[in-house]
Every structure is written in structure tokens, then in C-alpha cells.
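K.L.:
following is a predicted model, sequence given first.
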Amino acid sequence: MHGTTDTLGRRRTRRAIAMTAAATLALGGCSLTGGGSDAGPKPDKPAVSAARFTLTPQDGSDGVAPETVVSVGAGGGRLTEVALTAADGAPVAGTMSQGGASWRSTEPLGYGTAYTVRATAVDEDGLATTRTSTFTTATPKSLIGIKTITPENGATVGVGMPISVEFDHEIKSPVVRAAVEARLAVATSTPVEGAWGWVDDSTVRFRPKEYWPAGTKVSVTGNLRGLPMGDDGAYGADGSGVDFAVGSAVITTVDSAAHVMTVARDGEVLRTVPVTTGKPGFTTRSGTKVILGKEEHVLMDGTTVGIAEGSSDAYRLDVYWATRVTWSGEYLHAAPWSVGSQGVANVSHGCVGMSTEDARWYFGVVKVGDVVNVVNTGSDKAMETTGNGYGEWNLPFDRWLESSAAGAVTTGTPTAA
């Protein structure tokens, strides 16, 4: 029995050694494979970028509408650079979306112009691809542009001066008018609420809700390029602009019943002047007027305002130091022939008359755009809101807005040079 037990022990020992060796081999096998399938070769990096482009207009397009917004998109990647240039190399501005998914032009296109788009995009592997596309814009049948902008460039004007833009063609469509108003940008050193309003079919004016703040710097730009102006193939012309300043607030109040004119600058009364205004049948218009111009000498002839030559009211006079407030012929001027009535009675044909000394002084104090208020005339004859000068201030702002196609705006600040 002893020998049998010993034999059994040796067998067990050999079995244990064999199992240990097998386990060791198994572990060693795991270590030798180095991670199984990971040991195989990795696939090669793609040789061609996966990024793809979408472009508007399509490559080779001709007769593209000038108002078209050029757009570039990138699928399977992101845009890194987009350049849109005209045939002469002039760049067209644009903006890239966050992340580079798309790009859009932000500047109007020219007319009858060839353009090239060059865009570069990269895919997730960092591979870049570039696409070039060309197109040509249409040539308009006609152009509508800005004829004049008032005030003129570099002027210093009064607080009542509106901005007046006259076009070289009529613009009647409310849709086109709204688009034009949106293109007429007003920038001011101090933000001002106001609105454009159409006074006739070819003239639009910007009026602040209240008078301009004294000292305001104003910049007006109006680029109509690329803007459709009607169904007849007309488009807007290249733009123009002016910069002007608003000076001190000079406000004149003419009290027709008291026969007195009070002149104030920035709220301080400068002088009180005895005057005469329009007699019955020739009453001076009541309301708010804006100075249109100044003339040291003007020949006033009654026949130009409908007074028959030879009648008791006929006149033909050399008038000095004349400040104009209506196109129909109302002035504030020297009237030495009526000094005895000034401050006492109204004897004029509608103008505000004063002594030569006072008229010369007044001429030197006021400027175009200053405000003249005429009160207490005892008549319903009032300043016209349009057509006879700048009568816009006789309308409350909500009424003025009725003449606007786009509505009220608040001016921005000028862009630094």
C-alpha cells in the first residue's frame, strides 16, 4: 500500500506540472499575439478630400440678376476661404457662417460684369480641395439714380433742415420705395429717431422726430446698385453721399398780432425786433418754416405772385438782406419804407419786414435750416406741409410716417475711417 500511495503522489505531481506548463503557455501565447487583430496594417489615408461644394449661381451662368446673393456651401467638410472677385480684380465682400458651413456675399453685384468665385474647404481628415466657378451678371435696360442730395457736402445747417434726396426718375411702387429707403443710410454722431417720407414721386426726405440736436454730425449714403427699380428692367445706379453738420439751434418766433420777432440761439434770446407782417388779403402764412436761403439783394415784383401791374397793391422793389422761407416768395427782409408801421401794424404783402439795421443783423445771425415760427396771424392761411419749402415740421411725426414706405428708424453712428 505504501508503494501504491507513492506512485499516486508522483502521478499527481506530474499532472500539476503539466497543467502549470499549459497555463504558462497559454499566458505566453496571449503575450505573443500583441493584441490580436490590431496587429494588422491600418487602411491608407484617403488621397482625395471628401469635402464637396454647392454654389449659387451655378458655374458658367450668364445674365445673372444683379440683386443675386452669391452663396457657397461645403458638404462633408468646412470652408476655410472664399474669394469673390470681378473681372478687374475688385473683391466683393461676404461673410462666413460660424463653423465654415457656408459663405454669402454682402455687397451688391455690378452690372454686365464677369465674376469668379474661388473656394477652399477641408474635410475631417484635414484634406483640402479648391473649386473655381464663374458667372456673368445681366445689363439693366435703364438706370435710376440720385440726382441731388441736400444739404450739400460740408454744409453747416440749422436744426430744422431735412435731408432731401431727388432721383432722376419717378419712383411710384411702394415696394421699390421701401427698398430705396432701406438703401439710404443716415449715420449721426448722436442716435436720432426719424423717417424718410415721399413728398412727390421723385423726392424723398428724412425728418427727425424732433429737431436735430445742435452739434450733430450727419453722414448720408445712398448706393442703389443692384436694386431692382421696377418691372421694366430698371435698376438703381451707383450711389453718392454727403456729410454735413448741424450748427447751433437758432429759433425765430414771429408774433404777428404783437408785431414782434424774437430770435433765440440755443435757448438764449439774442434780440427782440419790431416787425410788420402780411395785411388782410396777404396774410403771412402761420406755422413752422425753415430758412431756404439768403440773398443780400433781391428784386421783388408783385406780378410774380399774381398782383396785377398798375393795381393799388402793385410793387417792384429792390430789397436787401432778404432771408427766404417759402418758394412762393415769403422772406424776412429790410423794409425801410414801412418803419413807421413796424411794431404797430401789419402792412406787408406777406413778408416779415423790419428795419435795415435789424435785417442786416438777422441776415448775419441765421443760416439755412434754421427755424422760423409764425404765430397769431388770425388767419387759417398756413404753411404748406409740402411743395412750398420745408413744411414737414407742421405735421406730427405719426402723420409724417404716413408718407414713409419703410417706417421709423434710429440712425446709426458713422463708421470710423
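P.N.:
The structure has been received and is ready for your questions. Numbers count the residues shown, from 1 in each chain.

K.L.:
where do the helices of the stretch 151-300 of the chain begin and end?
P.N.:
174-183 (DSSP state H, counting those that start in this stretch).

K.L.:
where in it is pLDDT low?
P.N.:
Of all residues in the stretch 151-300 of the chain, none has pLDDT under 70.

K.L.:
doesn't L401 fall inside a helix?
P.N.:
Yes: under DSSP: H, G, I helix; E, B strand; the rest coil, L401 falls within a helix.

K.L.:
need the nearest residue in space to L227, chain neighbours excluded.
P.N.:
Spatial nearest neighbour of L227, excluding adjacent residues (CB to CB, 6 or more residues apart in numbering): G236 at 3.8 Å. Every C-beta, even on glycine, is put in place using the N, C-alpha and C of the backbone.

K.L.:
so what's the residue most central in space within the chain bridging to?
P.N.:
Nearest to the mean C-alpha position of the chain, by CA atoms, centre = their mean, lies A185 at 1.5 Å. A185 forms beta bridges with T221, as assigned by DSSP bridges.

K.L.:
my guess is the residue nearest to L227 contacts G230. True?
P.N.:
No: G236 lies out of contact with G230 (CB atoms under 8 Å); the separation is 10.4 Å.

K.L.:
picking up where we left off before, tell me the contacts of the residue nearest to the centre of the chain?
P.N.:
Listed by CB atoms under 8 Å, 6 or more residues apart in numbering, the contact set of A185 reads 220-222, 412.

K.L.:
next one: A359
P.N.:
A359 touches 320-322, 332-335, counting by CB under 8 Å, 6+ apart.

K.L.:
so how do I select the buried members of the residues you listed in ChimeraX?
P.N.:
With 16 or more other CB atoms under 10 Å as the criterion, this ChimeraX line picks the buried residues out of those:
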select :320,321,322,332,333,334,335
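
K.L.:
so of the contacts of A359, which ones are in strands?
P.N.:
320-322, 332-334 (DSSP state E).

K.L.:
what about D313, which SS state?
P.N.:
Applying three-state DSSP: D313 is coil.

K.L.:
of the ones in strands among the contacts of A359, which is the nearest to T288?
P.N.:
Checking these against T288 by CB to CB gives L332 as the nearest, at 14.1 Å.

K.L.:
who's the residue nearest to L227 bridged to?
P.N.:
Applying DSSP bridges to G236, the residues it is bridged with are I144, R225.

K.L.:
what's around it, how many residues?
P.N.:
Here the number of neighbours of G236 (other CB atoms under 10 Å) works out to 27.

K.L.:
and I171, by the same measure?
P.N.:
21.
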